[in-house]
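**Student:** When you get a sec, could you give me coordinates for this:
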Amino acid sequence: MRKSTDRILTTHAGSLPRTPELLAANAARETSPEDTDGYAELLQEAVTDLVRRQQQAGIDIPNDGEYGHAMSAEVDYGAWWSYSFARLSGLSVAETGIWEMEPRRSEPGKVVLTSFGDRRDRRRFSAAYTDPSSGITTGKQKVFPKVTGPVNYTGHDAVAGDIAHLKTGLASAGLSEGFLASLSPGSCSRIANDYYATEEEFIYACADAMREEYKAIVDAGLIVQIDDPSIAENWDQINPEPSVEDYLRFTEIRVEALNYALRGLPEEQIRFHLCWGSWHGPHTTDIEFRHLVDTLLKINAGGYSFEAGNVRHEHEWRVWEDTKLPDGKVIIPGVVSHATNVVEHPELVADRIERFARLVGRENVIASTDCGLGGRVHPQIAAAKLATLGEGARIASSRLW
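**Tutor:** The predicted model follows:
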């Protein structure tokens, strides 16, 4: 993982809008998974073109847009998570397509996740969430499986395809560094479990399984981005609101399981992405970053990506006034938001970058987006946001060097 030694480098947080052709092909494959004629070629062409477009926008460290994590018009940005369902054994799906989870209540010292619809944000703003004109979106995930047998990784061919497509795209653009996103054990285990005796056993089974994907990516010479909203987003999915101390204890096992999955892998090829779920909603039930930053830095990664550009979390750049970034690490703050159709002015992007550079050192900042843009903003707007990110980084570099 490069550092910003002579200018501010840029990247983004993962998902990018799919092409209409790719969306149509993914939708067709949902009904006929065996229909693979021409799909690999279409996917390779799409990734190669996407890497080129990222480069033209001024993105130094691109990815495949998560195009290998199949997303169609029926399954929007939830693909960052749902892609794992096709790469793990031991999962089953109800005849209706959805296993319903009953609302559960936490107690002091005993924290449990509740059902999706019982989250505190959705209860507080229930009228807005049920009003189609409100503009609030949470994604349309069609299938939630549950665990009914041993969880093992079966996605070897799929991740090999992701690696090959990105490396081909990088070579075509003359680039040497790129990243692929992969799901964390903590987020992987956020489905119903009818097999493992304890939550800890289930999380560690996910760690063993997902480690195979992490290792494949780093062995190929790429950077692996661990996607893990569970570290921050779980706070909203606990009802009633727990104490911060109880929540951090609840989270600790997820960090320990992730570090177990990353054991022996080179930290310089690992970056961790933390976000608060990133749905288009109020986010008044987000936990404050100041409560999480020490837990974040316990994760064995070389870089830490986090939301810092949306209006709920932009003020939290001040966390780094009191928090020392460990030597050799970099931060990858979001300085462009996925949560608004307004395209940030490059001067604002530069200002945001400079705040972090003044606190942790310019060489330790890589500018990014808050979260994935795919499924959240129109492709034209996503392209404009990447371009303003690139231009903002150029302005900041001219000021900092």
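**Student:** which regions of the stretch 151-300 of the chain sit below the pLDDT cut-off?
**Tutor:** Applying pLDDT under 70 to the stretch 151-300 of the chain picks out no residues at all.
**Student:** Show me the strands in it, by range?
**Tutor:** For the stretch 151-300 of the chain, the strands defined by DSSP state E, counting those that start in this stretch occupy 179-183, 192-193, 223-227, 270-274.
**Student:** For my notes, please list the ones you listed in JSON lines and give distance to residue 30 and mean neighbour count for each entry.
**Tutor:** For every residue, glycine as well, the C-beta is placed using N, CA and C. Putting those into JSON lines (distance: least, CB to CB, whole Å; neighbours: other CB atoms under 10 Å) gives the following:
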{"stretch": "strand 179-183", "distance to residue 30": "20", "mean neighbour count": "26"}
{"stretch": "strand 192-193", "distance to residue 30": "22", "mean neighbour count": "18"}
{"stretch": "strand 223-227", "distance to residue 30": "22", "mean neighbour count": "25"}
{"stretch": "strand 270-274", "distance to residue 30": "26", "mean neighbour count": "25"}
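**Student:** among those, which is nearest residue 363?
**Tutor:** strand 270-274 (15.9 Å; CB to CB).
**Student:** Now do that closest one against strand 179-183, angle only.
**Tutor:** Interaxial angle, strand 270-274 versus strand 179-183 (axes from the mean of the first three to the mean of the last three CA atoms, to 10 degrees): 60 degrees.
**Student:** Could you pull up the contacting residues of residue 215?
**Tutor:** Going by CB atoms under 8 Å, 6 or more residues apart in numbering, residue 215 touches residue 265.
**Student:** oh sorry, the question was meant for residue 152
**Tutor:** Contacts of residue 152 (CB under 8 Å, 6+ apart): 88-90, 208-209.
**Student:** so how far is stretch 336-351 off the chain centroid?
**Tutor:** Remark: stretch 336-351 is offset 19 Å from the chain centroid, using CA atoms, centre = their mean, to the nearest Å.
**Student:** And that stretch, end to end?
**Tutor:** 11 Å (CA to CA, to the nearest Å).
**Student:** list the buried ones in it?
**Tutor:** Using 16 or more other CB atoms under 10 Å as the test for burial, stretch 336-351 gives 336-340, 343-344, 346, 349-351.
**Student:** Ok, stretch 362-382 next?
**Tutor:** Here stretch 362-382 shows 362-377, 381-382 as buried, counting by 16+ other CB under 10 Å.
**Student:** Now, those residues that are in helices?
**Tutor:** With DSSP state H as the criterion, helices contain 381-382 from among the buried residues of stretch 362-382.
**Student:** of the contacts of residue 152, closest to residue 158?
**Tutor:** For these, the nearest to residue 158 is residue 88 (11.0 Å; CB to CB).
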